[in-house]
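>>> My questions are about this predicted structure, shown below with the sequence.
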Amino acid sequence: MVQVLLIAVIAAIAAVAVYTAAAARVVKQYERGVVLRLGRLRDDVRGPGFTMLVPGIDRLRKVNMQIVTMPVPAQDGITRDNVTVRVDAVIYFKVVDPASAVVAVEDYRFAVSQMAQTSLRSIIGKSDLDDLLSNREKLNQGLELMIDSPAVGWGVQIDRVEIKDVSLPETMKRSMARQAEADRERRARVINADAELQASRKLAEAASEMSEQPAALQLRLLQTVVAVAAEKNSTLVLPFPVELLRFLERAQQAQTPQPAASPEKPPAPRPGPRASAGSPNPRVHLKPRGTAGRSNRAGTVAPKPSPPLVRH
């Protein structure tokens, strides 16, 4: 009889141990347990610690309540100003309603990932290239709002969305580099021109002051000579006043005698009329006006000398 009781006690202890092993569950601190009894959701969500289930009837689904960091795959798109870019991002989210995360969606991680990719492509198409490069805070807020709207029904809260990198084509990178270089060169030229303007004003003021005191120019000349002579130079260049050179030139011109006036040359005789094209001898003799000629000692009349001949 004692043996039978002992066997029964041992069998009961074994049954309790088997039941406890089958029904006992441990929920970690960062998890919550959702119980489905015969496929129906139980209202109570099991907290962290030790919990018991009905073996074969209840099923426990553990949901991680930690913040999940999920990278969004790079998406190719065309911006509003027709530039092809490749953008990738990262999303931070967590589950705030374990029951909805289990019942409302099959796989909330995959759903959030797909929604993030779709929203990222939409943001690329609505934005300009300058906004993607410089105004990312506004784009991050818009992307977070687009993902968070459907995720609320899944028991998921979007904590933060960040655009990580924007990849541009090589041609666009070279164009932007040339634009930035031209802008820097323009600013350098403007600064240089402004410096020249300020320097010219100061030089004009200095010139006006030196014009009132001629000795100041000589002092400035001596300062320049001292500054040049301070270096180890073998050649020293001294400026010479131009006014002194002009004074010496005028003095030399005053001492030089004026040359005598040369006699006037007689005017050259005018050429005679042209001979005809068919004449064999192109010489032309002109008769003097008035008398036919003057008488010489022999009594003959000598013709007046003819003008120089013109040969064509």
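That came through fine. Numbers count the residues shown, from 1 in each chain.

>>> Can you pull the poorly scored residue ranges out of the stretch 151-300 of the chain?
Across the stretch 151-300 of the chain, the ranges flagged by pLDDT under 70 are 231, 233-234, 236-242, 244, 257-300.

>>> hey, where'd the strands end up in it?
According to DSSP state E, counting those that start in this stretch, the stretch 151-300 of the chain carries its strands in the segments 156-167, 293-295.

>>> TSV for these, including mean neighbour count and distance to Gly47?
(Glycine included, C-beta is placed from N, CA and C.) Formatted as TSV, those follow (neighbours: other C-beta atoms under 10 Å; distance: least, C-beta to C-beta, whole Å):
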stretch	mean neighbour count	distance to Gly47
strand 156-167	16	19
strand 293-295	11	157
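
>>> Please tabulate the ones you listed in JSON lines and include distance to Leu217 as additional columns.
Below are the strands of the stretch 151-300 of the chain laid out as JSON lines (distance: least, C-beta to C-beta, whole Å):
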{"stretch": "strand 156-167", "distance to Leu217": "62"}
{"stretch": "strand 293-295", "distance to Leu217": "80"}
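
>>> Of all those, which one is nearest Ala99?
Each of the strands of the stretch 151-300 of the chain has some distance to Ala99 by C-beta to C-beta; the shortest is strand 156-167, at 12.4 Å.

>>> What strands flank that closest one, and is each parallel or antiparallel?
Using DSSP bridges, strand 156-167 pairs in its sheet with strand 84-95 (antiparallel).

>>> Give me the mean pLDDT for the partner strand.
Averaged over strand 84-95, pLDDT sits at 92.

>>> can you check stretch 113-127 too?
90.

>>> List of residues touching it?
By C-beta atoms under 8 Å, 6 or more residues apart in numbering, the list of residues contacting stretch 113-127 from outside reads 70, 72-73, 75, 77-80, 85, 87, 89, 91, 132, 139, 142-143, 146-147, 150-151, 161.

>>> List buried residues within the residues you listed.
Among the contacts of stretch 113-127, the ones that count as buried by 16 or more other C-beta atoms under 10 Å are 72, 75, 77, 79, 85, 87, 89, 91, 132, 139, 142-143, 146-147, 151, 161.

>>> For the residue positioned nearest the centre of the chain, give its distance to Val87.
Central residue of the chain (C-alpha atoms, centre = their mean): Ala180, 2.4 Å from the mean position. Distance of Ala180 to Val87, computed by C-beta to C-beta, to the nearest Å: 21 Å.

>>> again, but for Gln157
Using C-beta to C-beta, Gln157 is found at 24 Å from Val87.

>>> How are the helices of the protein distributed by residue range?
Listed in chain order, the helices of the chain (DSSP state H) span 2-23, 98-103, 108-126, 129-134, 136-151, 170-212, 214-229, 242-255.

>>> Reformat those helices into a markdown table and put distance to Gly56 next to each item.
A markdown table is the format used below for the helices of the chain (distance: least, C-beta to C-beta, whole Å):
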| stretch | distance to Gly56 |
| --- | --- |
| helix 2-23 | 8 |
| helix 98-103 | 20 |
| helix 108-126 | 28 |
| helix 129-134 | 56 |
| helix 136-151 | 35 |
| helix 170-212 | 63 |
| helix 214-229 | 104 |
| helix 242-255 | 117 |
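
>>> so which of those helices comes closest to Gly39?
Proximity to Gly39 (C-beta to C-beta) singles out helix 98-103 among those, at 11.0 Å.

>>> nearest to Arg32, of the helices of the chain?
Checking the helices of the chain against Arg32 by C-beta to C-beta gives helix 98-103 as the closest, at 4.3 Å.

>>> Give me the buried stretch members for that closest one, please.
Buried residues in helix 98-103, counting neighbours by 16+ other C-beta under 10 Å, are found at Pro98, Ala99, Ser100, Ala101, Val102.

>>> can you pull the contacts of the last one?
The neighbourhood of Val102, defined by C-beta under 8 Å, 6+ apart, consists of Val34, Leu41, Arg61, Val63.

>>> so which pair among those residues is furthest apart in space?
Of all pairs in the contacts of Val102, the most separated under C-beta to C-beta is Leu41 and Val63 at 12.6 Å.

>>> Give the residues shared as contacts by the two.
Common neighbours of Leu41 and Val63 (criterion: C-beta under 8 Å, 6+ apart): Val34, Val102.

>>> ok, the two, which is more surrounded?
Comparing Leu41 with Val63 by other C-beta atoms under 10 Å, the one with more neighbours is Val63, at 20 against 13.

>>> How about the contacts made by the closest residue to the more buried one other than its chain neighbours?
Distances taken as C-beta to C-beta, 6 or more residues apart in numbering place Pro98 nearest to Val63, at 4.0 Å, with adjacent residues excluded. For Pro98, the residues meeting the contact criterion (C-beta under 8 Å, 6+ apart) are Arg32, Gly33, Val34, Val45, Val63, Met65, Gly155.
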